[in-house]
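Undergrad: sequence and predicted structure, then a few things I'm wondering about:
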Amino acid sequence: MVARIHNLTVGHPFFIHFIMRELVSLRRGGRITPRYLKDVYGSIEKVIEREKFDVDFSIASDKEKKILLAMAKLPAQFSPSDIKIKNARTQLRFLLKKNLIIKYERGEYSRYHPLFKEYLKGLI
């Protein structure tokens, strides 16, 4: 089960804590088993979306939101030329400042977390 949570969160401490907090909160006694995680993960996803990703998405401007949604269709790492929106390259600066994307090297970006990508795909 620990490996499953680590895979879901890519080892990110915030998301590990978030999922574990929700598991304990939902369980209210008894053992937390892999089966239980599987049963309640959909509920946990909704809480993450509401408490984290909705807030993160709301800080983006309308243009930035269009770019984020376009990024949801791209591979984990992408280049600005993969985004087919006018002036997308300029908007990436603002998304970086808002911590909604990560820059690896010149011309290589990704969303700040794979779970955020899944959230964005759900908005399309």
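TA: Received it, and whenever you're ready, just let me know what you need.
Undergrad: give me the domain ranges for the chain.
TA: Domain ranges of the chain: 2-57, 60-123, per automatic domain parsing.
Undergrad: roughly how far does the residue of the chain most remote from its centre sit from Ile101?
TA: Distance from the C-alpha centroid of the chain peaks at Gly30, with 29.8 Å (CA atoms, centre = their mean). Gly30 is 40 Å from Ile101, where distance means CB to CB, to the nearest Å. Where C-beta positions appear, they are placed from N, C-alpha and C, glycine not excepted.
Undergrad: quick one, helices of this structure?
TA: In the chain, the helices defined using DSSP state H lie at 2-9, 13-27, 34-48, 54-58, 62-71, 88-97, 114-123.
Undergrad: could you tell me the least trusted of those?
TA: Lowest mean pLDDT within these: helix 2-9, at a mean of 87.
Undergrad: for that helix, packing partners?
TA: helix 13-27, helix 34-48 (3 or more CB pairs under 8 Å, 6 or more residues apart in numbering; DSSP states H and E).
Undergrad: just put those in JSON lines and tack on mean neighbour count.
TA: Shown next, in JSON lines, are those (neighbours: other CB atoms under 10 Å):
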{"stretch": "helix 13-27", "mean neighbour count": "14"}
{"stretch": "helix 34-48", "mean neighbour count": "14"}
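Undergrad: out of those helices, which gets nearest to Arg111?
TA: Arg111 lies closest to helix 13-27 among the helices and strands packed on helix 2-9, at 13.2 Å (CB to CB).
Undergrad: now do the closest one and helix 2-9, the angle between them.
TA: When axes from the mean of the first three to the mean of the last three CA atoms, to 10 degrees is applied, the directions of helix 13-27 and helix 2-9 differ by 120 degrees.
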